[in-house]
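# predicted model and sequence follow; I will ask about them next.
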Amino acid sequence: MSGRGRRITDEEINELISKLQSLLPESRRRNAGRMSASKLLKETCSYIKSLHREVDDLSDRLAGLMTTMDSNSPQAEIIRGLLRS
Amino acid sequence: MDLEHSSISKPMIMAFHFLGALSHIQKTTTHSTFVCRCHRIRCAAYTSMALSTGGHSAWSRALLRGKLRRGGLRKRAVILQRPRKRAVRLEEGCQDGADVLRRLVPGSAGMDSAELLDETADYIRCLEEQVSLMRSIVNVVSSL
């Protein structure tokens, strides 16, 4: 692919690192100064893993809620109606 | 009919796909196991995430490719089998971290560091939106 040989400048890398750092929850809380690239990568990886776990956990809970919805309660009817519309 | 894609927000597209998938799952899993249902909801979550970006990012394309190929998501990251190009090095000692990140972000195995950081930021933002959507749904449904 042409254009792959373009060298990325240090500035661009720094910008990307700052952008990524601003997304991490810990850095938002503490408003830390710029962290090293290796720390940033570690924090990013653990944050992504925790987000994956949350998706798993929420899927679990939704599956559980759907199971209760299968019963013939008035609440179940409301929920079924909501999902149908 | 000219539909202005930019006027429909990404979270709305995500919600539309996810709720549609949930409705379908609800109808078709009445006699399935809890584990099966849970797995399908998880797949629906990643699919609606990928669909909401409109295929602009490599991770979303990788997720959708994986889903089409296998009829479902077994792993979150699709590891592409091609030699990695390291056109840009971040720093010495970062490669391990970058490798772990490449395993976590779908479709990022062949990317250089700059692309990887960009994709990661996009992936994280979408994951957060998906989590927030799922939390809202859980809150609404469990409070009924």
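Great, that's in hand.

# grab the most central residue of chain B for me.
For chain B, the residue sitting closest to the mean C-alpha position, by CA atoms, centre = their mean, is B:Tyr46 at 3.9 Å.

# so which residue of chain B comes closest to chain A?
B:Gly97 (3.0 Å; CB to the nearest CB). C-beta: built from backbone N, CA, C; applies to glycine.

# select the longest helix from the chain.
No chain was given, so I picked chain A. helix A:37-69 (DSSP state H).

# sorry, I should have been clearer: chain B.
helix B:113-142.

# helices and strands around it, which ones?
Helix B:113-142 sits against helix A:10-23, helix A:37-69, helix B:10-28, helix B:34-52, helix B:58-70, helix B:95-104, with contacts defined as 3 or more CB pairs under 8 Å, 6 or more residues apart in numbering or on different chains; DSSP states H and E.

# touching chain A at all, the third one?
Yes: counting by CB under 8 Å from any CB of the partner chain, chain A is contacted by helix B:10-28 at B:Leu19, B:Leu22, B:Ser23, B:Ile25, B:Gln26.

# can you give me the pLDDT of B:Leu73?
B:Leu73 is assigned a predicted lDDT (pLDDT) of 45.

# closest to the centroid, which residue in chain A?
A:Leu51 (4.5 Å).

# who's in contact with that residue?
By CB atoms under 8 Å, 6 or more residues apart in numbering or on different chains, A:Leu51 lies in contact with B:Ile124, B:Leu127, B:Glu128, B:Val131.

# quick check: the residue in chain A that chain B sits nearest to vs B:Arg102, distance?
Closest to chain B within chain A is A:Leu41: 3.0 Å, counting by CB to the nearest CB. Counting by CB to CB, to the nearest Å, the separation of A:Leu41 from B:Arg102 is 10 Å.

# shaky segments in the chain?
This is for chain A. Within chain A, the ranges that satisfy pLDDT under 70 run A:1-7, A:27-33, A:69-77, A:79, A:85.

# wait, I meant chain B there
In chain B (pLDDT under 70), the answer is B:1-6, B:69-93.

# neighbours of B:Ser32, just the number please.
By other CB atoms under 10 Å in any protein chain shown, 14 other residues sit near B:Ser32.
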